[in-house]
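S.K.: how would this look folded up:
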Amino acid sequence: MAKMIKGWSLFDTDRNNRYFYDKVKQRVQLCHPLLHFILKLYDKGIDPANWIAGFDSDPVEIDGLGRFPRDQIDYYYRKFRLLHENGYFADIDLEKRLSGRITPQLIEQTLANVTQVTFEVTDRCNLRCKYCGYGEFYDDYDKREGRDLPVESARRLLDHLLEYWNSPLNQSHQRNIFISFYGGEPLLNIGFIKEIVDYVTNLGLKYNPFTFNMTTNGLLVKKHMAFLVEHQFKILISLDGNEANNGYRITQDGSPAFPLIMENIEALREKYPDYFEQYVNFNSVLHNKNSIEDIYGFIKSRYGKLPTIGPLNNTGIRKDREDEFWATYRDFDSSLRASDKSSAIKKDMFVKLPNVTELAIFLFENNHFTFEDYNDFLFPKSEGTWIPTGTCIPFSKKVYVTTHGKILPCETSGHQFFLGQVTPAGVKLDCKAISDKYNNYFDKMKKLCTVCHKTDRCKQCIFQLDTIDDENPICTGIISSGNYAKNIGAIVSNFEKDPEIYNRLLKEVNFE
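M.R.: Model (predicted):
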């Protein structure tokens, strides 16, 4: 049975401009008040032709709008008819539209074009951060046992991927492949990193260059900086602002880590200033001991860099620690609004702000001048099907390997959702089993998605739902038609308030 849902929305902006947005056509259209009124009638199930036929005077008085000549009303009715006859204002059969499937062939293609391989080098760490994703708030990861990822496991995976990368399925020639090192603290296992850098350099990849990067707490940067500089590592150093802001970042014996982190950062900047300027960036966690203004102010003033700031991960939380977690949690938008310097921060950080990211995605999806690849440019897609939820296609962004050899789509996925494994016997990565796993999840989510008006713009990953393995999972992101229209209205309002955002997005954002 078809599950029909309205495929278009009427909305107003903060400046009282009227628009409609058509999901199927992916068009935002500014409306004359008369066209908007006609669309409101149509939305209520009233035939605009019957409404117009009832006029016995000229001009016509329309409640709330004023008086209009009959020929002007007829003009906008004809415009409505023209749009309608060309496919606008249609309902969407979500049962049919949400019938997209993950196939083994699609997974093989994403493996051949994956641009990041991340190794969890070790689960050891020289810090004991309270909010760590592998710390006391969470229970969706494998037990930390002081385990290192064997070099042989990493080599087996790289050899396995090499077959895909060197195959005709690789359509991403000359695009960098990032080999990333993650932890724990990856520099605690520097021997692994050095061996893999050497192995990758001589791997025999035909079409793509390699780039190395790392997320580190900074405590061992000084010790190994010559190696990092030699191989042009892009490094992301975790730093939450000033000393007070870093109160949750402590060493294993409970002493403050901030002085040690700063000592390492300063040593690197002093000895290799050009490298520091080009290859070093900062990542910060927002919590109740800092703020957006604190983080931005400290890192920008001290290093001239804009940090990447994110809130605490709010999935996989232990039931007995929920109250403490939420007391520690801070919301990005509310923290930014609370700052007296919010306007300057917004202007400077720009693409690093979550709401600007949303605007960039909306622009990418609806401007009709960006294309996924040359095939998309030469042969535009006809109306197709969507995959339920906003979950990424497996390995479309990265391959992540834990110290246990578990293969996951990314490091934010709970370890219970592993899709394959690297073992002494080889790489177990069954594309058919993976596609079946995803499609089973999508089948369960589909009944929720068919009542949601945000299916075309959903960002909900199935692996961020605590109930996804239940028979009837719960999604808190379901949105009504009215709230969907308000969401689109807020996006367009942002463009109206600051038209320069549009120009900056086109100039500064890489839509890859």
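S.K.: so residue 177 sits right up against residue 112, yeah?
M.R.: No. Checked against Cβ atoms under 8 Å, the pair residue 177 and residue 112 is beyond contact range at 11.2 Å. C-beta here means a position set from N, CA and C on the backbone, and glycine is covered the same way.
S.K.: neighbours around residue 223, how many?
M.R.: Burial of residue 223 is recorded as 12 neighbouring residues (other Cβ atoms under 10 Å).
S.K.: Spell out the secondary structure type for it.
M.R.: helix (DSSP: H, G, I helix; E, B strand; the rest coil).
S.K.: one step back: anything in contact with each of residue 177 and residue 112?
M.R.: residue 165 (Cβ atoms under 8 Å, 6 or more residues apart in numbering).
S.K.: center of this protein - which residue?
M.R.: Closest to where the C-alpha atoms of the chain average out (Cα atoms, centre = their mean) is residue 459, at 7.3 Å.
S.K.: Let me see the backbone angles for that residue.
M.R.: phi -120, psi 10 (degrees, to the nearest 10).
S.K.: Now it. Nearest residue, chain neighbours left out?
M.R.: The shortest distance from residue 459 to any non-neighbouring residue, by Cβ to Cβ, 6 or more residues apart in numbering, is to residue 390 (4.2 Å).
S.K.: Hmm, residue 456 and that neighbour touching each other?
M.R.: No. The criterion here is Cβ under 8 Å, and residue 390 misses it with residue 456 at 10.0 Å.
S.K.: what's the distance between the residue nearest to the centre of the chain and residue 365?
M.R.: Distance of residue 459 to residue 365, computed by Cβ to Cβ, to the nearest Å: 12 Å.
S.K.: what does residue 283 give?
M.R.: 27 Å.
S.K.: what residues are up against residue 17?
M.R.: Contacts for residue 17 (Cβ under 8 Å, 6+ apart) come out as 30, 496.
S.K.: what pLDDT does the residue nearest to residue 459 get?
M.R.: For residue 390, the pLDDT comes out at 90.
S.K.: With residue 54 instead?
M.R.: 82.
S.K.: Could you check how many residues crowd around it?
M.R.: Neighbour tally, residue 54, other Cβ under 10 Å: 7.
S.K.: and if you look at the one 3 residues further on?
M.R.: Taking other Cβ under 10 Å as the criterion, the count of residues near residue 57 is 8.
S.K.: helix or strand right after the helix-or-strand element of the chain with minimal mean pLDDT?
M.R.: Scoring the helices and strands of the chain by mean pLDDT, DSSP states H and E places helix 374-378 at the bottom, with a mean of 44. Counting by DSSP states H and E, the element after helix 374-378 in chain order, helix or strand, is strand 399-401.
S.K.: Pull up the gap between the residue nearest to the centre of the chain and residue 350, please.
M.R.: 20 Å.
S.K.: Residue 178 too?
M.R.: For residue 178, the distance to residue 350 - Cβ to Cβ - is 23 Å.
S.K.: Over to residue 21?
M.R.: In terms of Cβ to Cβ, residue 21 sits 24 Å off from residue 350.
S.K.: need the helices for the stretch 101-250 of the chain, in chain order.
M.R.: Using DSSP state H, counting those that start in this stretch, the helices of the stretch 101-250 of the chain run over 104-113, 151-165, 190-201, 221-230.
S.K.: buried stuff in the second one?
M.R.: Looking back up the chat, that one is helix 151-165. 151, 153-158, 160-161, 164-165 (16 or more other Cβ atoms under 10 Å).
S.K.: The first one now?
M.R.: Of the residues in helix 104-113, those buried by neighbour count under the rule 16+ other Cβ under 10 Å are 106-113.
S.K.: cool, the last one as well?
M.R.: If you call a residue buried by 16+ other Cβ under 10 Å, then helix 221-230 has these buried ones: 221-222, 224-225, 228-229.
S.K.: list the helices and strands that helix packs on?
M.R.: Counting contacts by 3 or more Cβ pairs under 8 Å, 6 or more residues apart in numbering; DSSP states H and E, helix 221-230 packs against helix 190-201, strand 234-238, helix 258-271.
S.K.: what's the neighbour count on residue 36?
M.R.: Neighbours of residue 36 (other Cβ under 10 Å): 19.
S.K.: Ignore what I typed, I meant residue 324.
M.R.: 14.
S.K.: Which strand or helix spans it?
M.R.: Using DSSP H and E, residue 324 sits within helix 322-328.
S.K.: which residues are in contact with the very next helix or strand once past that helix?
M.R.: Downstream of helix 322-328, the first helix or strand assigned by DSSP H and E is helix 332-337. If you take Cβ under 8 Å, 6+ apart as the criterion, helix 332-337 is touched by 286, 291-293, 309-311, 342, 345-346, 353-355.
S.K.: Where does the prediction get shaky in this protein?
M.R.: 1-2, 367-384, 510-512 (pLDDT under 70).
S.K.: Next secondary structure after the helix ranked longest in it?
M.R.: Secondary structure of the chain per DSSP state H: the longest helix is helix 431-449. With elements assigned by DSSP H and E, the helix or strand that comes after helix 431-449 is helix 481-497.
S.K.: So what touches the helix or strand following that following helix?
M.R.: Once the chain leaves helix 481-497, the next helix or strand it forms, by DSSP H and E, is helix 500-508. Identification of contacts with helix 500-508 by Cβ under 8 Å, 6+ apart yields 350-351, 356, 359-360, 363, 494-495.
S.K.: Which one of those residues is nearest to residue 36?
M.R.: residue 495 (18.5 Å; Cβ to Cβ).
S.K.: ok, the closest one to residue 19 distance?
M.R.: 11 Å.
S.K.: which of these two has more neighbours?
M.R.: Of the pair residue 495 and residue 19, residue 19 is the one with more neighbours under other Cβ under 10 Å, namely 20 against 17.
S.K.: check contacts around that one.
M.R.: 10-13, 28-31, 488-489, 492.
S.K.: Now which of those would you call buried?
M.R.: 10-13, 28, 31, 488-489, 492.
S.K.: returning to that earlier point: so if I had to pick from residue 21 and residue 350, which one is more boxed in?
M.R.: residue 21 (22 against 17).
S.K.: Now the more buried one, what are its backbone angles?
M.R.: Dihedral angles (degrees, to the nearest 10) for residue 21: phi -120, psi 120.
S.K.: Any idea what it is bridged to?
M.R.: Counting by DSSP bridges, residue 21 is bridged to residue 9, residue 28.
S.K.: you'd agree it is up against residue 9?
M.R.: Yes. Residue 21 lies in contact with residue 9 (Cβ under 8 Å); the separation is 5.0 Å.
S.K.: which residues are in contact with both of the two?
M.R.: Contacts common to residue 21 and residue 9, judged by Cβ under 8 Å, 6+ apart, are 485, 488.
S.K.: And the nearest residue to residue 509 once chain neighbours are set aside, which helix or strand is it part of?
M.R.: Once flanking residues are discounted, residue 509 sits nearest to residue 360: 4.9 Å by Cβ to Cβ, 6+ apart. According to DSSP H and E, residue 360 maps onto helix 354-366.
S.K.: Run the angle between that helix and helix 500-508 for me.
M.R.: 70 degrees (axes from the mean of the first three to the mean of the last three Cα atoms, to 10 degrees).
S.K.: what's the neighbour count on residue 138?
M.R.: Counted with other Cβ under 10 Å, residue 138 comes out at 19.
S.K.: who's in contact with it?
M.R.: By Cβ under 8 Å, 6+ apart, residue 138 lies in contact with 313, 316-318.
S.K.: So what sits opposite it in the bridge?
M.R.: residue 317.
S.K.: Next: residue 66.
M.R.: So, taking DSSP bridges as the rule, residue 66 has residue 62 as bridge partners.
S.K.: From residue 53, how far out is it?
M.R.: For residue 66, the distance to residue 53 - Cβ to Cβ - is 21 Å.
S.K.: for residue 251, same thing?
M.R.: Residue 251 is 80 Å from residue 53, by Cβ to Cβ.
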